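Visitor: I need the structure of the sequence given here:
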Amino acid sequence: MDVLIKRRKDGNRFKMEIGFFDTVLEIKEKIQKYHGIPVPKQSLFIRGAAMADDRDTEHYELVEGSKIDLVVIDQDEEEKQEIVMVGGGTDDDDHDEDGEGENKKKKKKQKGIRFKIKVSVPAMRRWITMDVDGGETVAQLKEMIGIEGLAVGRMALMVGGVEMQDPQRMLRDYGVVEGTEVSVVVRSAAGVTAAAVVGKRITVMVLVKGVTKKVGVEVNVMESVRELRKELERLERLQRLVLPTEGYFFIYKQEVMEEERSFRWHGVKNNDTIEVFNGSVTGGS
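Guide: Numbering: from 1, shown residues only. The predicted structure follows:
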């Protein structure tokens, strides 16, 4: 399929053919091959959110004609500034009478400017408005969120459905600007400690019957569904979630889930919804 790639610095656009299951890294490699831009200098964005190298076209729901923004980093100060401006325009009024260069002024503006973002904590059913600097790191943001009873290592921060995976990368590198909405996803205890378990982590969206807001929980695709039950009950003990009092079971794509089976066995994919229904299952499935 063909996608449209727009270079943010000059607005130049080009079409490029990609595979239906290409990873972001493979897309970058094709840009390097056909357009000469080294992979390490590329940052790709879709719908204002940075694209992670290990994610694929399915994760970002790329289709024929999808538009991707390309930012070439570390080339000059002007391009670096554009990372901050993802989703917005550039400032054409930067000019001073003392002859200070436009790029130098942009660099000054970029440093130390604080702005407000919205942090969603579905497990606590609340929003937090936070004052941040685009130069702060993902790790610093996690520390500022400071959810009581939840270790920093169990937080995953999502922007536009994409996890900000590198704790040392700056917020501006992930396209975080004024008004950006950041969602906190809770990792399961097993997902954090079982680094040796083969299988990637995914985020499942849990919807309790009668509740309108979903809760994001990170799990390992090789874990059994029972691990999800343990995590939800932990959240309930922390008073961050209300579960049915008379027992419950899980429904995925209108079918009852076998809790001793893995998420992979059930075909669960990243950001899929699992529903929690009141009652119990009898007689087998």
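
Visitor: quick one, strands of the stretch 1-150 of the chain?
Guide: Defined through DSSP state E, counting those that start in this stretch, the strands belonging to the stretch 1-150 of the chain, from first to last, are 2-7, 13-17, 42-46, 49-50, 67-72, 114-121, 126-133.

Visitor: go on, the stretch 151-285 of the chain?
Guide: With DSSP E, counting those that start in this stretch as the criterion, the stretch 151-285 of the chain has strands spanning 155-159, 162-163, 181-187, 201-208, 215-220, 248-252, 255-256, 273-278.

Visitor: Setting aside sequence neighbours, what's the nearest residue to the most centrally placed residue in the chain?
Guide: Nearest to the centroid of the C-alpha atoms of the chain, with distances taken as CA atoms, centre = their mean, sits Val162, at 2.0 Å. Using CB to CB, 6 or more residues apart in numbering and skipping residues adjacent in sequence, the residue nearest Val162 is Ala49, 4.7 Å away. Where you see a C-beta, it was placed from the backbone N, CA and C, and this is true even at glycine.

Visitor: How much space separates that neighbour from His59?
Guide: Distance, Ala49 to His59, by CB to CB, to the nearest Å: 11 Å.

Visitor: Compare the two (neighbour count), which wins?
Guide: Set side by side, Ala49 and His59 show unequal neighbour counts under other CB atoms under 10 Å, the larger going to Ala49 at 22 against 18.

Visitor: tell me the contacts of that one?
Guide: 159-162, 174-175 (CB atoms under 8 Å, 6 or more residues apart in numbering).

Visitor: If we use 7 Å, what do you get?
Guide: The neighbourhood of Ala49, defined by CB atoms under 7 Å, 6 or more residues apart in numbering, consists of 159-162, 175.

Visitor: ok, and the most crowded of those?
Guide: With neighbours taken as other CB under 10 Å, the top of the contacts of Ala49 is Gly175, carrying 27 neighbours.

Visitor: doesn't Met51 make contact with it?
Guide: No. Judged on CB atoms under 7 Å, Gly175 makes no contact with Met51 at a distance of 9.8 Å.

Visitor: what is in contact with those two at once?
Guide: When contacts are counted by CB under 7 Å, 6+ apart, the set common to Gly175 and Met51 consists of Phe45.

Visitor: And stretch 250-265, what's buried?
Guide: Neighbour-count burial for stretch 250-265, with 16 or more other CB atoms under 10 Å as criterion, is recorded at 250-252, 257-258, 262-263.

Visitor: again, but for stretch 235-249
Guide: Within stretch 235-249, the residues that count as buried by 16+ other CB under 10 Å are 235, 240-241, 243, 248-249.

Visitor: From one end of it to the other, what's the distance?
Guide: For stretch 235-249, the first-to-last residue distance is 16 Å (CA to CA, to the nearest Å).

Visitor: can you list contacts of that stretch?
Guide: Stretch 235-249 is touched from outside by 123-124, 149, 186, 208, 215, 232-233, 256, 276-281, with contacts defined as CB under 7 Å, 6+ apart.

Visitor: just stretch 135-147 next, same as before
Guide: With contacts defined as CB under 7 Å, 6+ apart, stretch 135-147 is touched by 111, 119, 121, 128, 130, 132, 152, 155, 157, 164, 166-172, 184.

Visitor: now swap in stretch 23-34 and tell me
Guide: Contacts of stretch 23-34 with the rest of the structure, by CB under 7 Å, 6+ apart, involve 16, 18, 37-39, 42, 44, 51-56.

Visitor: Kind regards, and thank you for your time.
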